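[1] how would this look folded up:
(one chain, ligands or ions: 1)
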Amino acid sequence: MSGHVIALCGGVGGAKLAFGLTRILPPDDLTLVVNTGDDFVHMGLHVSPDIDTVAYTLSDLADRERGWGLAGETWTFMDQVKRLGGEGWFNLGDRDLAMHVERTRRLAERETLSEITAALTSALGIRHAVVPMSDDPVRTIVQTADGELAFQRYFVGKQCRPVATGVRFDGATAARPSPALQGALARRDVAAVIVCPSNPYLSIDPILAVPGVRAGLKALNAPVVAVSPIVGGRALKGPAAKLMLELGAEPSVTAIVCHYRGLLSGLVVDGEDADEAEALRTLGLPTLATGAVMRSDDDRIRLARETLAFAFELEPRTQRRAS
Ligand code: FO1
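    Numbers count the residues shown, from 1 in each chain. A predicted model of the protein is given here:
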């Protein structure tokens, strides 16, 4: 395959497919664009959870049980924080702490989030481009029946329990795509855009909310293929299904297509949704039904390979509409 691939990813599910993509594509052929809407300052430290989840997953340092943070982590820092009466609701592991301290130090020295992410991922041995969607602050706010919650307060603090009535991305209108994302959108050789199986509302929408990104992706005239984060009406991890119901959508693969409103050239679903895949195909959306649940590294690599092969066979949506 000759050509560049842009992948959009957020938390745990997206990071697994990103892992698969990096085991297939050489560094020059892939740009991993990561959500930063989950970022926040906690105990004075700038935490970028989705960037860290992708970095730890790509470098094989991630705790596979939790999905986030480091394997073999210890929690003496948090134990002492709680003993001192500090905030104990958001856990910073002893080794994970180094990432947040180092990122915060570099930000204070006026490095950009892109520069910092490039340095830290490279230090972890990652050769692929892991790029923030923007170097400007974008903060996901979950509107709930009990008022507005910053993302981590909703996701971790309240364990996604409040009923959501909407999601907002503070700062998005003033944010610019990061330099590497702008560069990727300006390439003439993009062969496919992959939307990883991340939460559409909480992980992918913030990326698409950065001005110029959605239009830039469409202007690439390359097929855009999403891997569904919903299998058999439920999310593999996290609140996607609950959120879809609360925001008035069916937690189904068809609802995923509707959510991305005309952006998709194709969809990859799990075999459990094969019937719905057939229905989508008759509606004119190329759909691949395969094993979309990634339980092992081999699953991650296989799904990435199948998704790329499927995407490279597709015409970009714009061309299809023209014909
Ligand atoms: N998720 C939790 O459920 N509880 C935590 O205490 C927690 C701490 C944490 C620290 C650093 C980090 O990078 C991620 C962390 N996460 C935690 C996961 C994080 O909230 C989510 O992975 C993303 O924000 C959503 O994808």
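[2] and the residue in the stretch 1-150 of the chain that the ligand sits nearest to, how many neighbours does it have?
    Nearest residue of the stretch 1-150 of the chain to the ligand, counting by CB to the nearest ligand atom: residue 11, 2.3 Å away. In this view, the C-beta of every residue, glycine as well, is placed from N, C-alpha and C. Residue 11 sits with 26 neighbouring residues when counted by other CB atoms under 10 Å.
[3] Tell me if I'm right that it and residue 48 touch.
    No. Look at residue 11 against residue 48 with CB atoms under 8 Å: they stay out of range, at 11.5 Å.
[4] any common contacting residues for the two?
    Listed contacts common to residue 11 and residue 48 are residue 38; contacts here mean CB atoms under 8 Å, 6 or more residues apart in numbering.
[5] Would you tell me whether stretch 109-126 gets close to the ligand?
    No. On the criterion CB under 6 Å from any ligand atom, stretch 109-126 is out of touch with the ligand, staying 12.3 Å away.
[6] Report the mean per-residue pLDDT for that stretch.
    Averaged across stretch 109-126, the pLDDT comes to 98.
[7] Show me which residues of that stretch are buried.
    The neighbour-count check on stretch 109-126 (16 or more other CB atoms under 10 Å) flags 111, 113-114, 116-118, 120-121, 126 as buried.
[8] just stretch 284-297 next, same as before
    In stretch 284-297, counting by 16+ other CB under 10 Å, buried: 285-290, 292, 294.
[9] Equivalent analysis for stretch 147-160, please.
    The neighbour-count check on stretch 147-160 (16+ other CB under 10 Å) flags 149, 151-157, 160 as buried.
[10] again, but for stretch 219-228
    220, 222-228.
[11] One more: stretch 227-245?
    Of all the residues in stretch 227-245, those buried under the rule 16+ other CB under 10 Å are 227-233, 235-236, 238-245.
[12] can you give me the offset of the helix or strand residue 18 falls within from its chain's centre?
    Take DSSP states H and E as the rule and residue 18 turns out to sit in helix 12-22. Taking CA atoms, centre = their mean, to the nearest Å, the mean C-alpha location of helix 12-22 is offset from the chain mean by 9 Å.
[13] tell me the mean pLDDT for that helix?
    Helix 12-22 comes out with an average pLDDT of 96.
[14] which helices and strands sit right next to that helix?
    Here helix 12-22 touches strand 4-9, strand 30-34, helix 49-58, helix 297-313, going by 3 or more CB pairs under 8 Å, 6 or more residues apart in numbering; DSSP states H and E.
[15] ok, 10 Å please
    strand 4-9, strand 30-34, helix 49-58, strand 129-132, strand 190-195, strand 224-227, helix 297-313 (3 or more CB pairs under 10 Å, 6 or more residues apart in numbering; DSSP states H and E).
[16] which strands and helices sit next to the third one?
    So that's helix 49-58. By 3+ CB pairs under 10 Å, 6+ apart, helix 49-58 packs against strand 4-9, helix 12-22, strand 30-34, helix 96-108, helix 113-123, strand 129-132.
[17] can you tell if the shortest one touches the ligand?
    No. Using CB under 6 Å from any ligand atom, no contact is recorded between strand 129-132 and the ligand, whose separation bottoms out at 13.6 Å.
[18] Buried residues, that strand. List them.
    Of the residues in strand 129-132, 129-132 count as buried by neighbour count, 16+ other CB under 10 Å.
[19] will you turn these into a markdown table that also has pLDDT?
    Below are these laid out as a markdown table (pLDDT from 0 to 100):
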| residue | pLDDT |
| --- | --- |
| 129 | 98 |
| 130 | 98 |
| 131 | 98 |
| 132 | 98 |
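[20] which pair in those residues spans the largest distance?
    Greatest spatial distance among those (CB to CB): 129 and 132, at 10.9 Å.
[21] Pull up the overlap in contacts between those two.
    Residues touching both residue 129 and residue 132 (CB atoms under 10 Å, 6 or more residues apart in numbering) are 33, 114, 117-118, 180-181.
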